[in-house]
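A.B. asks: Here's my sequence, what's the structure:
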Amino acid sequence: MTPHWTHTPAGRVTRLRGASTEVIELALSPLPADAPAVVTFLPPLAATAAEVVACALDELEAAALRLFPAWLPAAEHLEGPGGAGVPAVRALALELAAATRHFGPFLADLAEQALRERQTAPAPDPEQAPASRPGTARPGAEAGPVGGRPRRRPIAVRFAPEVRAAGLARVVAESYRRTGAALLVDVPHGLDPGRQRALAAAGEWLAAHGGFTVWLAGADLPAAGRVTAYPVRLPEHVLELVATSGDATSGDAPAGDAPAGDAPATGPVPATLTFPPVEGRPRADSAAETALEAALVQAAWAAGRVWNRRYAARPHYIIDLVWSDERCAVEIDGDDHRGPHKFAHDRRRDVLLQLDGFAVLRFTNHQVLTELGQVLAHLEQYLRSRRTDAHKEKK
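C.D. replies: Numbers count the residues shown, from 1 in each chain. Have a look, this model is predicted:
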């Protein structure tokens, strides 16, 4: 059986069967070479397709702004919106659009806004986090919108939804050097028939106008009509993990039957969109990783670090932050690491890395954001001790 992403058609809505959203995310980490760029969308509990689409576009735009400059690498070292920064970044965006399928005016506006927000972003508030549905925990939560839908951005006024959808799909794909983008929709349990139809219609709109491959996972949508289903093929290491930590299809319960302890989805809950790290960079949707890198870049002792890189000896593992020479692996854990499969995955990975001679240091998002000085002191002390030991061994 071939992986589902090799035969699910682009620009279509399909149902993924045989695995929960959490397990599918694990199977796609790191992103396989032949897969599209995949982002996960926890949709709003909206009554109309237009509301779902508007929310998805706002979330995708926020993701594109955070992913900058991964989709415009030539802008890596531009110094903010002052002086020549804005004209330069717009020129670079228009140059990229001239050689690709990007729409120049949209890309230039997006690049300008990303440059401005990179310099004026407020410091993260560790005490705030978006609400989640009962029993869920979303990665990158500290960077998401708080208290409802994200604010409508100026780009939403200047460009039609169809232009934004197509442009954002291309930007997401470009960020990961992929030819297309997929939206993995985590369908909530307990949706009434009207909301089921609204969510399915929104997926069809995003597929038709944005060119997204839309995958529905989680609960079924029986009121939405027939949707072509594809079985998920899980890699061996994920199958082994599921066999020891629980049912892979726990998120695939019939619609209307919420898992034990979960209330039906009826209240206004903020939507979230999460996306994988770009190799070699801190996670763009993690305030903790971004804050830690901002501190490390100023520390001479932190030289030699690499963010979110596949571990060559075990290529299905990505280490959040690694100093290879010192055999030091650092993991920054968000709320999503409390999920049963990801928790088991973390423990197994820690053991295997330790067997390979690594020390694994784990910090939570909250620790990094509230106790940054202590985290830095811990890292510095450990790295210096490893370097001292290595120096002694050479003598």
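A.B. asks: how far is the lengthiest helix in the chain from where the chain is centred?
C.D. replies: Once the chain is assigned using DSSP state H, the helix that runs over the most residues is helix 372-394. Averaging C-alpha positions (Cα atoms, centre = their mean, to the nearest Å) puts helix 372-394 31 Å from its chain's average.
A.B. asks: Could I get the average pLDDT for it?
C.D. replies: Taken as a whole, helix 372-394 has a mean pLDDT of 86.
A.B. asks: Can you list the neighbours in contact with it?
C.D. replies: 291-292, 295-296, 299, 301-302, 323, 325-328, 330, 359, 361, 363, 367-368 (Cβ atoms under 8 Å, 6 or more residues apart in numbering). Just so you know, the C-beta spots here come from the backbone N, C-alpha and C atoms, and that holds for glycine as well.
A.B. asks: List the buried residues of it.
C.D. replies: 372, 375, 376, 379, 382, 383, 386 (16 or more other Cβ atoms under 10 Å).
A.B. asks: any chance of those in TSV, with distance to residue 45 too?
C.D. replies: Putting the buried residues of helix 372-394 into TSV (distance: Cβ to Cβ, whole Å) gives the following:
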residue	distance to residue 45
372	36
375	37
376	41
379	41
382	45
383	46
386	49
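A.B. asks: just for the stretch 251-395 of the chain, where's the confidence low?
C.D. replies: Within the stretch 251-395 of the chain, the segments meeting pLDDT under 70 span 251-271, 335-341, 390-395.
A.B. asks: now do 80
C.D. replies: Residues of the stretch 251-395 of the chain that meet the criterion pLDDT under 80 lie in 251-271, 315-316, 334-347, 389-395.
A.B. asks: mind saving the C-alpha coords of the strand ranked longest in the chain as PDB?
C.D. replies: Determined from DSSP state E, the single longest strand within the chain is strand 314-323. Extracted in PDB, the C-alpha atoms of strand 314-323 (Å, rounded to 0.1, in the frame of the first residue of the first chain):
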ATOM      1  CA  ARG A 314      17.900   7.800  12.900                       C
ATOM      2  CA  PRO A 315      16.300   9.900  10.100                       C
ATOM      3  CA  HIS A 316      12.700   9.700  11.400                       C
ATOM      4  CA  TYR A 317      13.800  11.800  14.300                       C
ATOM      5  CA  ILE A 318      14.100  15.600  14.400                       C
ATOM      6  CA  ILE A 319      15.900  17.100  17.300                       C
ATOM      7  CA  ASP A 320      14.700  20.600  18.400                       C
ATOM      8  CA  LEU A 321      18.100  21.900  19.200                       C
ATOM      9  CA  VAL A 322      21.400  20.100  19.000                       C
ATOM     10  CA  TRP A 323      25.100  20.600  19.600                       C
END
